[in-house]
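Sequence and predicted model, in that order:
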Amino acid sequence: MKVAVVDYGSGNLASASRALQLAARQSGIAAEVAVTADPAAVAAADRVVLPGQGAFADCAAGLAAIPGLRDAVLASAEAGKPFLGICVGMQLMAERGLEHQVTEGFGWLRGDIAALEVPDTLRLPQMGWNELRFTPGAHPLLEGLQPGDHAYFVHGYALHGAEAGDVLATTEYGAPVVAMVARGNRAGTQFHVEKS
């Protein structure tokens, strides 16, 4: 199996690649994990992982700046290949981002990426370990996890207005915050799975 970790100048690429290799070994899956900015390599991959760090608009611009890369990511998912977005990679799955400006997302999920609204007692961005809340057995990606398990978050913006059926897990940070989403072959985590 070939796994493409998309390199568009944003994301924890080395850590994501190492985490995927480790997960494949632990699961007994023969996987070739490659960090790539080549649209042809993304198109040829069996799985696509889109990491992301920073601002939504910057990540969207970085992806669009490499000829054919955004189209290859979209076409791969449209063809039914499994897609995983991490942090801003997950946020790009939404209709649009509202960080600094209005920026179009992939439109795979209903909702906007907007600022977290937290009480004065909490700092922004949310940074550190936080508990996951979900219904066990609700989705194969939750296998091996238990409600209350911790994941590592670094973000000041989150998905608002999502359809309930697309939300796999939440975390609490002044209010419920979308932590994990899935629709069909496309999934995403607001938290950094490579660190969690």
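Now that the structure is in, tell me what you want to look at.

count of neighbours near residue 95?
17 (other CB atoms under 10 Å). In short, each C-beta sits where N, CA and C put it, glycine included.

now do residue 125
Residues near residue 125, counting by other CB under 10 Å: 14.

And residue 174, by the same measure?
Residue 174 has 14 neighbours, counted by other CB under 10 Å.

Name the SS class of it, please.
Using DSSP: H, G, I helix; E, B strand; the rest coil, the structure places residue 174 in coil.

Tell me the pLDDT of it.
For residue 174, the model assigns a pLDDT of 95.

contacting residues for it?
If you count contacts by CB atoms under 8 Å, 6 or more residues apart in numbering, residue 174 has them with 116-119, 122.

One more: residue 154?
53, 87, 125-127, 192.

again, only using 6 Å
By CB atoms under 6 Å, 6 or more residues apart in numbering, the contact list for residue 154 reads residue 127.

Shouldn't it be within a strand?
Yes: under three-state DSSP, residue 154 sits within a strand.

how far away is it from residue 182?
Using CB to CB, to the nearest Å, one obtains 21 Å as the distance from residue 154 to residue 182.

Residue 12 now?
Distance, residue 12 to residue 182, by CB to CB: 21 Å.

Neighbour count for these two, which is higher?
Relative neighbour count places residue 182 above the other of residue 12 and residue 182, with 23 against 19, counting by other CB under 10 Å.

From the chain's centroid, how far away is the helix or strand of the chain with the lowest mean pLDDT?
Least confident helix or strand, the chain: helix 13-27 with a mean of 93, by mean pLDDT, DSSP states H and E. When distances are taken as CA atoms, centre = their mean, to the nearest Å, helix 13-27 is centred 15 Å away from the chain's centroid.

Next, the buried residues of that helix.
Of all the residues in helix 13-27, those buried under the rule 16 or more other CB atoms under 10 Å are 13, 16-17, 19-20, 24.

quick one: contacts of the next helix or strand after it?
Sequence-wise, the next helix or strand downstream of helix 13-27 (DSSP states H and E) is strand 32-36. Identification of contacts with strand 32-36 by CB under 6 Å, 6+ apart yields 2-5, 7, 13, 17, 20-21.

could you give the mean pLDDT of strand 32-36?
In the prediction, strand 32-36 has an average pLDDT of 97.

what lines up beside that strand in the sheet?
strand 2-6 (parallel) (DSSP bridges).

Which residue ranges of this protein form strands?
Secondary structure of the chain (DSSP state E): strands at 2-6, 32-36, 47-50, 83-86, 94-97, 103-104, 109-115, 126-131, 150-155, 157-160, 167-172, 176-183, 186-189.

Next, format the buried residues of helix 13-27 as JSON lines and append distance to residue 36.
As requested, the buried residues of helix 13-27 are exported to JSON lines (distance: CB to CB, whole Å):
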{"residue": "13", "distance to residue 36": "10"}
{"residue": "16", "distance to residue 36": "12"}
{"residue": "17", "distance to residue 36": "10"}
{"residue": "19", "distance to residue 36": "17"}
{"residue": "20", "distance to residue 36": "13"}
{"residue": "24", "distance to residue 36": "17"}
